[in-house]
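> Next one to model:
(2 chains)
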There are 2 protein chains.
Amino acid sequence: MNTSLDLPSRFRFVLVRTSHPGNIGSAARAMRTMGFSRMELVTPHRFPDREAAALAAGADDVLAGAGVHQELVEGLAGSNLAFGLSARRRGVNLPELTPREAAMQALAAAERGEQVALVFGNERTGLENEELARCHAMVRIPSVDDFSSLNLSQAVQVMAYELRVALLGESMPVAPPVHDEPPADAAQMERFYEHLAQTLDDIDFHKGRAPTTIMLRLRKLFQRAQMDARELRMLHGIFADAQRMARLAGEKK
Amino acid sequence: MNTSLDLPSRFRFVLVRTSHPGNIGSAARAMRTMGFSRMELVTPHRFPDREAAALAAGADDVLAGAGVHQELVEGLAGSNLAFGLSARRRGVNLPELTPREAAMQALAAAERGEQVALVFGNERTGLENEELARCHAMVRIPSVDDFSSLNLSQAVQVMAYELRVALLGESMPVAPPVHDEPPADAAQMERFYEHLAQTLDDIDFHKGRAPTTIMLRLRKLFQRAQMDARELRMLHGIFADAQRMARLAGEKK
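Take a look at the predicted model:
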């Protein structure tokens, strides 16, 4: 079932807010040389575009099949594990992996039947905090400190290359995180965060403060935990009881 | 003497008969992100060139220092070991290495004080047989058979990346999760679990069931998340508000 033949189809490359169509084309070519063809575009500046097609250099199937989305969460739909490529050094509460470590973890996940996303931000600004908060780990390509910015398609090439090497079995996979069930997908996590946000409102946690920062921190915490569906059900149950108490307390007034 | 600081200077990237000046610029950027700056150009179609400068994206020092030669042998002058990048499968009587194997051998040579060249051919035709004959080994980037042609600067990026990883230490250290604060210690985690257990009691989550299994599952989940002290404070705050609601609800009865 999980033959190596269909493993590459479990990987998707998600390009977020890409400014230059040429980079989308170059990224498609880079993916295709390494055997990957699923591309998801989130609010690309221009797509489809002649320049993208020209730089794809024959990887037309990748561009033709690319999904175009308004929100990152749509580009991640159905994925169980998301890696955000970033050049940032700190301030992000996510595990930081090398491309090689990420490739091993991604391969192990794909072998368990999971869907894996590699997420790349805008050429100039990279991934925003809220975008990284939807990822389970951050991947830093080990560039030098005084010239750290790889071209977008070069970053795609490095990550696709490491995945290809991992798929070819050159490196031994590390032990995957142990779960009884597969990790929740992006849509399940969004429902979880919505319920969590509503619960915090109901128990009057914010007390007038803006909830944005808190929700971002909670997202990072829970993304890191890579929860499975059973764990989500347990937390949904806890939230429901806290909401019930809030309702009873409210009726009292 | 052979400190890792001067090792990168023992590597040169030799681009032979490059057609597109933009690729020279992109290659310069790719090299520079990985800490390499010595470029040698053999009969480039156009150089210097505005497009090369534009795509170098700040790696001007690489372009400014690039040698321009009429013959490959001049570009290789002083080098002790040359690797020719090629997508060819056969017909070349040279050892065939993966980029990773080549990087290890290149690193070992550089550590012995040798000069190492990475040689890249024309975009369309690659390296000619006479050019490969001046190399000591062939490097094949493991692209898929039905779409094997990497863009020139992408091939440079992959090779430079593997050299960088080799220079950083054959296997890069596993990065710990990045936190703004250190992860909570065991005592802090115990207080967290006590507060969580008490909160579940207060909001009547268990409804008569034994709490043991649930608490065990919650422990596994939150241990995995490796929370820091700030995150613990946030969750303590949430629990306190849920308890407050439960108290208000209870007073109602």
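> Residue A:196 is in contact with residue A:239, isn't it?
Yes - Residue A:196 is within contact range of residue A:239, at 6.4 Å (criterion: Cβ atoms under 8 Å). All C-beta spots, glycine's among them, are computed from the backbone N, C-alpha and C.
> quick one, helices of the stretch 151-253 of chain A?
Under the criterion DSSP state H, counting those that start in this stretch, helices of the stretch 151-253 of chain A are mapped to A:152-167, A:186-202, A:212-225, A:229-252.
> possible to save those as TSV with distance to residue A:84, mean neighbour count and mean pLDDT?
Formatted as TSV, the helices of the stretch 151-253 of chain A follow (distance: least, Cβ to Cβ, whole Å; neighbours: other Cβ atoms under 10 Å in any protein chain shown; pLDDT from 0 to 100):
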stretch	distance to residue A:84	mean neighbour count	mean pLDDT
helix A:152-167	11	26	97
helix A:186-202	13	17	94
helix A:212-225	10	18	89
helix A:229-252	21	17	92
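> Looking at those, spot the one closest to residue B:188.
Nearest of the helices of the stretch 151-253 of chain A to residue B:188, taken as Cβ to Cβ: helix A:212-225 at 14.8 Å.
> Show the contacting residues for residue A:183.
By Cβ atoms under 8 Å, 6 or more residues apart in numbering or on different chains, residue A:183 lies in contact with A:80, A:81, A:114, A:136, A:226, A:227, A:228.
> quick revisit: the helices of the stretch 151-253 of chain A into JSON lines, with extra columns for distance to chain B?
Converted to JSON lines, these look like this (distance: least, Cβ to the nearest Cβ, whole Å):
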{"stretch": "helix A:152-167", "distance to chain B": "5"}
{"stretch": "helix A:186-202", "distance to chain B": "7"}
{"stretch": "helix A:212-225", "distance to chain B": "4"}
{"stretch": "helix A:229-252", "distance to chain B": "3"}
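> where in chain A is pLDDT low?
A:1-5, A:89-91, A:170-180, A:252-253 (pLDDT under 70).
> Tell me which residue is most central in it.
residue A:82 (3.0 Å; Cα atoms, centre = their mean).
> gap between it and residue A:116?
8 Å (Cβ to Cβ, to the nearest Å).
> cool, residue A:165 as well?
According to Cβ to Cβ, residue A:165 and residue A:116 sit 15 Å apart.
> And residue A:251, by the same measure?
Separation of residue A:251 from residue A:116 (Cβ to Cβ) stands at 46 Å.
> To which secondary structure element is residue A:96 assigned?
Element membership for residue A:96, per DSSP states H and E: strand A:96-97.
> Specify the angle between the following helix or strand past that strand and helix A:152-167 in degrees.
Toward the C-terminus, strand A:96-97 is succeeded by helix A:99-111 as the next helix or strand (DSSP H and E). Our comparison of helix A:99-111 with helix A:152-167, counting by axes from the mean of the first three to the mean of the last three Cα atoms, to 10 degrees, yields an angle of 60 degrees.
> Give the buried residues for helix A:99-111.
A:99, A:100, A:101, A:102, A:103, A:104, A:105, A:106, A:107, A:108, A:109, A:110 (16 or more other Cβ atoms under 10 Å in any protein chain shown).
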